[in-house]
Every structure is written in C-alpha cells, then in structure tokens.
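Peer 1: structure, please.
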Amino acid sequence: MKCPRCVQLIHREASSCPHCGFTIEHADELFGEDDVVLQKLTDAAGVLRMREREPAKKILERFEKRFPQFFTAVYIGASDELQNLRQFGLWLLNRAAFQDVELDRPNENGILIVLDVKAKNVAISYGYSLAPYLNEENTFDALSAGHPSLLQGDYLEALGLIIKRLERLLIKAWRRVERDPEAALAQEGVAPKFRTRSLRRIREGNRLTNGFSRAEQRKGASQ
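Peer 2: Numbering: from 1, shown residues only. Modelled structure (predicted):
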C-alpha cells in the first residue's frame, strides 16, 4: 500500500510510515478524534437527486449480495478537507460508525468510496481484510471506470461503474487467492493473521457524534 500523506510504498502492517512518520493520529489532528455516524450512502454535498438515491442504495445492496462478508460505502462531500482524499478516506473508514451495516461486518471489511464534487475527484479506501484482493493498481482501474461520468456530474453512473468494476476485480482476485493463498498473501504483503476468521474491528466503542466531519460542522455553525 501507499502512505496517504507522502504516497510512498509501505508495508500493510506498518503502524507508521517509515518515510514521513504518518499515523492515524495525524489524520485525527486534521479531522477529529470522535467516531462519526454515517449511512452507507452519505451525500453530505447534497448532489444526488431524490430519484437517484434509491438506485444508488440498490447498487450498494447488489454488491453485498455478491460479497456477503464485505460492504461498500460512499461519502460525497465538497468541503476543503477533501483536498487530500487519501488521508480523509483512511480517517473516515477508521472513524465511521455505519448505522446500516450489520455488526458482523466490521469496518475492516469495508470499501469506502469518497467523492469530491468540487474537484471532481474520487478515491477508494479499504479495510485490512480486503488487502489480499485489492491494491493500488486495481483500485485505480476501478476509479478510472467511473471518472468520465464524475467529470460530467453524473454521480450515480460514476458510482455504478466503479462498484461494478470492483466486483469484477474481487472475483478475479478471489480466484487467484483460492488457487494459492499463501503466495497471494505474501505478494500483497499481508500476514496470515489477517485471514477472514481472525478479523478485528477498526472502530471500537460507541463514542458517536453525527454524520458530518469536523470541517463541515464548523461550516454549518458559521451559517
């Protein structure tokens, strides 16, 4: 994986970046330390039309039917903090308390897609248990599938194309891991302790606030 701050390659089990020293605590300093209550589909920017919300939820539900152990979530925002989507995505996946995700699917089983409608940019963050199946190359491939629609402001179509490509990538990667699990895990830099049967929660406790990140709370308070 790559460090969300300096974008240098680091081992997935590293507690901090050996190049720049980045840790999740640095992200907490930027975005806050409290857990954030979210839905799997969170349109903080308010860009989805009412008629688009249900189809968007159906896309997320379809993914979960195909991959019951995982889930996808989408955060659409337009605040200044989204200038660094890598750091924000990592922080949000660690801090999010998804109200509509079953407790047997922890955040480390999640794929979080963050859309920045101001910059027309998109990023993917994913939990530890997806490390054998996703990497920098194939998540970029998935994002590229939806980027033309994002540039046109068609967020529903962009979301559908990204998740559809992710589904294909996961099926392909799953078959690769099934053929030779030890080699696949070693190739991706994943230790055997991160197997599905030994998953642990990224988010612990119930220190819940609300569905807005700290910068958006400040913005709302000033209006």
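
Peer 1: in the host helix or strand of residue 165, what counts as buried?
Peer 2: Counting by DSSP states H and E, the element that carries residue 165 is helix 155-179. Residues 155-167, 169-170, 173, 177 are the ones in helix 155-179 that count as buried (16 or more other C-beta atoms under 10 Å). C-betas here are computed from N, CA, C, even on glycine.

Peer 1: in terms of secondary structure, what does that helix contact?
Peer 2: Using 3 or more C-beta pairs under 8 Å, 6 or more residues apart in numbering; DSSP states H and E, the elements in contact with helix 155-179 are helix 50-66, strand 71-77, strand 110-116, strand 121-126, helix 136-151, helix 181-187.

Peer 1: if we use 7 Å, what do you get?
Peer 2: helix 50-66, strand 71-77, strand 110-116, helix 136-151 (3 or more C-beta pairs under 7 Å, 6 or more residues apart in numbering; DSSP states H and E).

Peer 1: quick one: which of those is nearest residue 34?
Peer 2: Proximity to residue 34 (C-beta to C-beta) singles out strand 71-77 among those, at 16.1 Å.

Peer 1: from residue 137, how far off is residue 148?
Peer 2: Distance of residue 148 to residue 137, computed by C-beta to C-beta, to the nearest Å: 19 Å.

Peer 1: higher neighbour count, those two?
Peer 2: The neighbour comparison of residue 148 against residue 137 (other C-beta atoms under 10 Å) goes to residue 148, with 12 against 8.

Peer 1: how close does that one get to residue 180?
Peer 2: Distance, residue 148 to residue 180, using C-beta to C-beta: 36 Å.

Peer 1: swap in residue 169?
Peer 2: In terms of C-beta to C-beta, residue 169 sits 18 Å off from residue 180.

Peer 1: ok, residue 173 - contacts?
Peer 2: When contacts are counted by C-beta atoms under 7 Å, 6 or more residues apart in numbering, residue 173 touches residue 133.

Peer 1: now do 8 Å
Peer 2: Applying C-beta atoms under 8 Å, 6 or more residues apart in numbering to residue 173 gives the contacts 132-134, 138, 184.

Peer 1: ok, residue 66 next?
Peer 2: Residues near residue 66 by C-beta under 8 Å, 6+ apart: residue 167.

Peer 1: quick one: low-confidence parts of the protein?
Peer 2: Scanning the chain for pLDDT under 70 picks out 1, 3, 5-15, 81, 183-223.

Peer 1: may I have the beta-bridge partners of the residue nearest in space to the middle of it?
Peer 2: Nearest to the mean C-alpha position of the chain, counting by C-alpha atoms, centre = their mean, stands residue 112 at 2.0 Å. Taking DSSP bridges as the rule, residue 112 bridges to residue 73, residue 125.

Peer 1: who are the contact partners of it?
Peer 2: When contacts are counted by C-beta under 8 Å, 6+ apart, residue 112 touches 72-75, 89, 92-93, 96, 124-126.
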